[in-house]
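1. I need the structure of the sequence given here:
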Amino acid sequence: MKKITQSQLELIILLLIITIAAAAYRFGYTEYHTKAESIKVENRQLNLRLAELEQKMAKKESMEKGTVDAKEQQETIYAKYGTGNTPQKSIMMVRDMEEQTQMIVNNITFAPETGIYFSAKLKEDGTSAVSLYTTQLSLNFETGYEGLKTGMNFINSYPERMNVESFNVVYNQETGLLNGAMVLNLYSIVRENSFYKEPDVSGIGIGADNIFGTYTPTVDNP
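-> Now for the predicted structure:
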């Protein structure tokens, strides 16, 4: 067997060192380098997500305040509508109008409520969370010019939403008063936790000649 010289031995050792280094680079450094790059990418994504969350947290207070303000505005709008309209309620409203103005209502005609809006949000029973209804109320009345103006102010300033659909008056030469007719649109909102309350009709006696009141209109001074 041929004896290995010192130079050959050194060469073999050098080759082994190079082989071990190459294997370490291939199976060690390259693998860890790939993992490190993957971690860097993941860190960049996490930093972007963290920045996004920090921006949302910074806006949280203003968003919460905006939500509170929106709910307050919503409640303010809801407060302008009643929770239902019935003949009893309409009669009491007309009596109040007579007592606060110079109008006398001779007759009144009721119409059923009609739904005009239903929210997409539903309650547990499957009905709309917010429903808007309207009904028409027809009145024949007698009054003077000042009473007519006061009656219109009463309608415009009434706590529950209503408006005049149609209106006409004629001058009565015999009485010096105005005979008129108008149709009112009454509105109501039904929503969660809102309930219709029957009005107090205890002030109206059975067999009264005029359930709307006892006011007698007077001719306006020229």
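
2. tell me which helix or strand the spatially most central residue of the chain sits in.
-> Centroid check for the chain by C-alpha atoms, centre = their mean gives Gln74 as the closest residue, at 4.8 Å. If you go by DSSP states H and E, Gln74 is part of helix 30-78.

3. tell me who's in contact with the residue nearest to the centre of the chain.
-> If you count contacts by C-beta atoms under 8 Å, 6 or more residues apart in numbering, Gln74 has none. Backbone N, C-alpha and C define where each C-beta goes, glycine included.

4. go again with 10 Å.
-> Val130, Arg191 (C-beta atoms under 10 Å, 6 or more residues apart in numbering).

5. report pLDDT for it.
-> Per-residue pLDDT puts Gln74 at 83.

6. same check on Asn107?
-> On the pLDDT scale, Asn107 gets 92.

7. so who does it touch?
-> Contacts of Asn107 (C-beta under 10 Å, 6+ apart): Ser138, Leu139, Asn140, Phe141, Ala181, Phe212.

8. direction included, what does the one helix or strand it maps to pair up with?
-> Per DSSP H and E: Asn107 is located in strand 103-110. For strand 103-110, the pairing partners within the sheet under DSSP bridges are strand 130-143 (antiparallel).

9. just the mean pLDDT for the strand it pairs with, thanks.
-> 94.

10. now whichever helix or strand comes after it: buried residues?
-> Downstream of strand 130-143, the next assigned helix or strand under DSSP H and E is helix 145-157. Neighbour counts over helix 145-157 (16 or more other C-beta atoms under 10 Å) mark Gly147, Leu148, Thr150, Gly151, Phe154 as buried.
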